[in-house]
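J.: Starting from these lines, generate the structure:
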Amino acid sequence: MMLVYGKPAAFVNPAPILNKTIVWSECIQACYDYVKCVVAYQNSTGCNLFTYDYAPTVKKTTESDGFVVAFKAINTVNGGCPGGDFTNAKGFIYYIPVFFEVQVWYNITLTGSTWKISYDEIPRCPPSYFQHIDNPDGTHTCLQVLAPANVTFPHPGSYSEAVAGCKSFGATLATIDYPYYAGWFTYAIQSYINKFKAPEFYVRIDGIRKKACQSTPKTAACMSTSGFDFTSTSFKGSFDNYNFTTNSGARVESDDDCLVMVYPPATGQSMKVDVKSCSVNNKLQAYGVLCLRKAAF
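T.: Numbering: from 1, shown residues only. The predicted structure follows:
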């Protein structure tokens, strides 16, 4: 915490967190301990704690005025306090709100006789997304469900419409990159199950059979991932985690060239994968879409 001679130019709306029972040293500690607090100020009403998103501008004063403000700041070199006369400083906050973890980088800048705080708030996943998934390699993935409940999207929809739908959320169609992804995807669809138009349907994921394989879908090459085109650049390139209802060479109808997951799964199991129509010509329709994007951190 860095102390300067100054006072808030105005008390912003909403009002700061107020504690009337603690002294100044405890007020400073309270701001340090409260993750979202970046400014502490004590006046006749008590200890005032300001969060990064409602931080006031601070007017510089002199020692004789008797006003002191505490900023939460870090030295970006070694994590300690910034040196010098503290005209400018930086800070970092990491916290977990209701949905996704958030990183906040903020700058404390003195211009003339006024300190201002600006910040860049980065959620792990966009707030509109369904969930984030922790991967075993330490990376994180954001999962979105395109369902009648949460987006304006064709239901049922074609493969190309599904690609465009995911793209509108900054994502690509989902691939099953880890063994537990099928379970996550099943849970995500079940969370919206009352919003779908039928109790049985397909869920679009990434993968469309290459034209060269449409006449020979059951050859070894065409049954491998090299027999399909994927929009995802992070796809692991393997069908090891794909539990097919039959196999990747399935092609009952002439348009059965797109990978889908089949809902509902058997009791206690995850959805399986099949190869069905890329349009809306299925006996069952593709009412759901699963999208993935790399998390911000």
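J.: The protein - how does it break down into domains?
T.: For the chain, automatic domain parsing gives the domain ranges 2-123, 131-294.
J.: lowest-confidence stretch among these?
T.: Among those, domain 2-123 carries the lowest mean pLDDT, a mean of 90.
J.: What's the end-to-end length of it?
T.: Chord length of domain 2-123, first to last residue, is 27 Å (C-alpha to C-alpha, to the nearest Å).
J.: cool, stretch 53-70 as well?
T.: Stretch 53-70 has an end-to-end distance of 16 Å (C-alpha to C-alpha).
J.: what's it in contact with?
T.: Under the criterion C-beta atoms under 8 Å, 6 or more residues apart in numbering, residues 1-14, 16, 24, 27-28, 31, 36, 38-42, 50, 71, 110, 113-117, 119, 121 lie in contact with stretch 53-70. C-beta here means a position set from N, CA and C on the backbone, and glycine is covered the same way.
J.: Tell me the buried residues within those residues.
T.: For those, a burial check counting by 16 or more other C-beta atoms under 10 Å picks out 4-8, 16, 27-28, 31, 36, 38-42, 50, 71, 110, 115, 117, 119.
J.: Just the residues you listed: which are in strands?
T.: 4-8, 38-42, 50, 71, 110, 115, 117, 119 (DSSP state E).
J.: Return the member of those residues nearest to residue 146.
T.: Within those, proximity to residue 146 (C-beta to C-beta) peaks at residue 119, which comes in at 31.5 Å.
J.: Does the closest one touch residue 108 like I think?
T.: No. Counting by C-beta atoms under 8 Å, residue 119 does not reach residue 108; the two are 9.9 Å apart.
J.: so what's the backbone phi/psi at the closest residue to residue 218 other than its chain neighbours?
T.: Closest residue in space to residue 218, ignoring its immediate chain neighbours: residue 249 at 3.8 Å, by C-beta to C-beta, 6 or more residues apart in numbering. Per-residue torsions, residue 249: phi -90, psi 0 (degrees, to the nearest 10).
J.: Now do the same contact list for residue 249.
T.: Residues near residue 249 by C-beta under 8 Å, 6+ apart: 217-219, 222-223, 275.
J.: SS state for the residue lying closest to residue 286 once chain neighbours are set aside?
T.: What sits nearest to residue 286 in space, not counting adjacent residues and going by C-beta to C-beta, 6+ apart, is residue 202, at 4.2 Å. Three-state secondary structure (criterion: DSSP: H, G, I helix; E, B strand; the rest coil) places residue 202 in strand.
J.: Spatially central residue in the protein, please.
T.: Central residue of the chain (C-alpha atoms, centre = their mean): residue 125, 0.7 Å from the mean position.
J.: Name the nearest residue to it, ignoring sequence neighbours.
T.: Nearest non-adjacent residue to residue 125, counting by C-beta to C-beta, 6+ apart: residue 142, 3.6 Å away.
J.: wait, isn't that neighbour in contact with residue 129?
T.: Yes. Look at residue 142 against residue 129 with C-beta under 8 Å: they come within range, at 4.9 Å.
J.: so which strand or helix has residue 274?
T.: For residue 274, the host element (DSSP states H and E) is strand 272-277.
J.: quick one, strands of the stretch 151-297 of the chain?
T.: Counting by DSSP state E, counting those that start in this stretch, the stretch 151-297 of the chain has strands at residues 172-173, 201-209, 228-229, 256-263, 272-277, 286-294.
J.: Mean neighbour count added to the ones you listed, as CSV?
T.: Formatted as CSV, the strands of the stretch 151-297 of the chain follow (neighbours: other C-beta atoms under 10 Å):
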stretch, mean neighbour count
strand 172-173, 23
strand 201-209, 24
strand 228-229, 18
strand 256-263, 24
strand 272-277, 23
strand 286-294, 25
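J.: Now tabulate those in JSON lines and tack on distance to residue 146.
T.: Below are the strands of the stretch 151-297 of the chain laid out as JSON lines (distance: least, C-beta to C-beta, whole Å):
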{"stretch": "strand 172-173", "distance to residue 146": "10"}
{"stretch": "strand 201-209", "distance to residue 146": "8"}
{"stretch": "strand 228-229", "distance to residue 146": "20"}
{"stretch": "strand 256-263", "distance to residue 146": "13"}
{"stretch": "strand 272-277", "distance to residue 146": "17"}
{"stretch": "strand 286-294", "distance to residue 146": "4"}
